[in-house]
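**Q** No letters, just coordinates:
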Ligand code: PLP
């Protein structure tokens, strides 16, 4: 083969979620879009807050082409990085400054950069906690490290600390945490974060190593019922935050986010330099200029989270009423539901027969569950219940 086999493999098959989404479009052409209930993708449906479009209009009216569309410095505009630091400091009582931030093209880039920056040997390991975003495996392995999974704690989707303790070893470079979580909708409690921090400090001492938490936080602001999302850097020094505006500002196609390397991180200057180096090596220097400026103005704002909450309540109440077992999401916009047979892939195929497009969680490391993405039209959820009822009845016989 004249190309890298692993890259060929990745590029030749679509992700299961994308596959389902494409199927939905084909099916809509046959039976009508109103008869397909597509819960596959995590594409925000809530519009970007007004400040986003206002700022874009303002920028295009007032700035010359180079100021608006030209390259920024590799790590991003200092004004943008400072305004993010100011917002976080005001909100969480932290002490960040502009030079703690490296602007990127969203959380996917931030994660890839961190894995590349931290990997020093092919034996290095990054641990994900099931259920996890499946692309983590791709990013970790593509950057030369090993991907390790801690099994899910399905009672509450917090962390199974016995399993975590067994998984951490002298090769562990980092633990990826994602809270609010895609796909479970769980938010890690302060108790969970404290316990994780304590365990990792103990393991760092035992092995004489540095173990990083990589906090993947695209859903930080999308939470319900006043639930608090602890700011992880306050609990554990070796924390790198991978943030994205894809979900909070509903800007997934604009590709904007950052890596945060706090001063408290071990050898923080070296870690920041390696992050910048990985950004360079992976071709991620200079995040989109215009959206850096948008973010500088709109940091701290979100789309209308109440709309997601309305969808969550409708879906959770409707499905549990039918008889399904669901975890009530505390954040993000995914509902995690138990399949009605052990093989969640087979269950999703049966759902497909009713034109219900839901995603098996086997690929998320959590067999027997499905993910239902509710960043969708409210009316579609209303219309879908008859199909969910038919699906449920299939298993009653
Ligand atoms: N991490 C999680 C948990 C996600 O759900 C997503 C996107 O859905 C990403 C990372 C990637 O986000 P981005 O669009 O910022 O690259």
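**A** Yep, that arrived. Remember, it's a predicted structure, so these values are computed and weren't measured experimentally.

**Q** near the ligand, which residues of the stretch 151-300 of the chain show up?
**A** With Cβ under 6 Å from any ligand atom as the criterion, the stretch 151-300 of the chain meets the ligand at residues 178, 182, 216, 218, 244, 246, 252, 257. Bear in mind the C-beta positions are built from the backbone N, C-alpha and C, glycine included.

**Q** Find the centremost residue of the chain, please.
**A** Taking Cα atoms, centre = their mean as the criterion, residue 218 is the residue nearest the geometric centre of the chain, at 5.0 Å.

**Q** so how far is residue 144 from that residue?
**A** Per Cβ to Cβ, to the nearest Å, residue 218 is found 24 Å from residue 144.

**Q** Residue 17 now?
**A** 26 Å.

**Q** More neighbours: which of these two?
**A** Neighbour totals were compared for residue 17 and residue 144, and residue 17 leads with 18 against 13 (other Cβ atoms under 10 Å).

**Q** got the contact list for residue 110?
**A** For residue 110, the contacting residues are 104, 216, 242-244, 257-259, by Cβ atoms under 8 Å, 6 or more residues apart in numbering.

**Q** again, but for residue 225
**A** Residue 225 neighbours (Cβ under 8 Å, 6+ apart): residue 330.

**Q** Would you map the helices across the stretch 101-250 of the chain?
**A** 106-118, 135-142, 161-167, 190-207 (DSSP state H, counting those that start in this stretch).

**Q** so which of those is the most packed in?
**A** Among these, helix 106-118 has the highest mean neighbour count (mean count of other Cβ atoms under 10 Å), at a mean of 26.

**Q** How far off centre is stretch 246-258?
**A** Distance, stretch centre to chain centre, for stretch 246-258: 11 Å (Cα atoms, centre = their mean, to the nearest Å).

**Q** Next, the buried residues of that stretch.
**A** 246-252, 254-258 (16 or more other Cβ atoms under 10 Å).

**Q** Can you measure across that stretch, start residue to end residue?
**A** In stretch 246-258, first residue to last residue: 11 Å (Cα to Cα, to the nearest Å).

**Q** taking the mean pLDDT, what do you get for that stretch?
**A** Stretch 246-258 comes out with an average pLDDT of 97.

**Q** same deal with stretch 341-357?
**A** 97.

**Q** and the stretch 1-150 of the chain, which of its residues are near the ligand?
**A** Listed as neighbours of the ligand in the stretch 1-150 of the chain under the rule Cβ under 6 Å from any ligand atom: 42, 106-108, 133.

**Q** hmm, back to that, beta-bridge partners for the nearest residue to the residue nearest to the centre of the chain once chain neighbours are set aside, please?
**A** Closest residue to residue 218 apart from its sequence neighbours, by Cβ to Cβ, 6 or more residues apart in numbering: residue 244 at 4.1 Å. Here residue 244 sits in beta bridges with residue 257, as judged by DSSP bridges.
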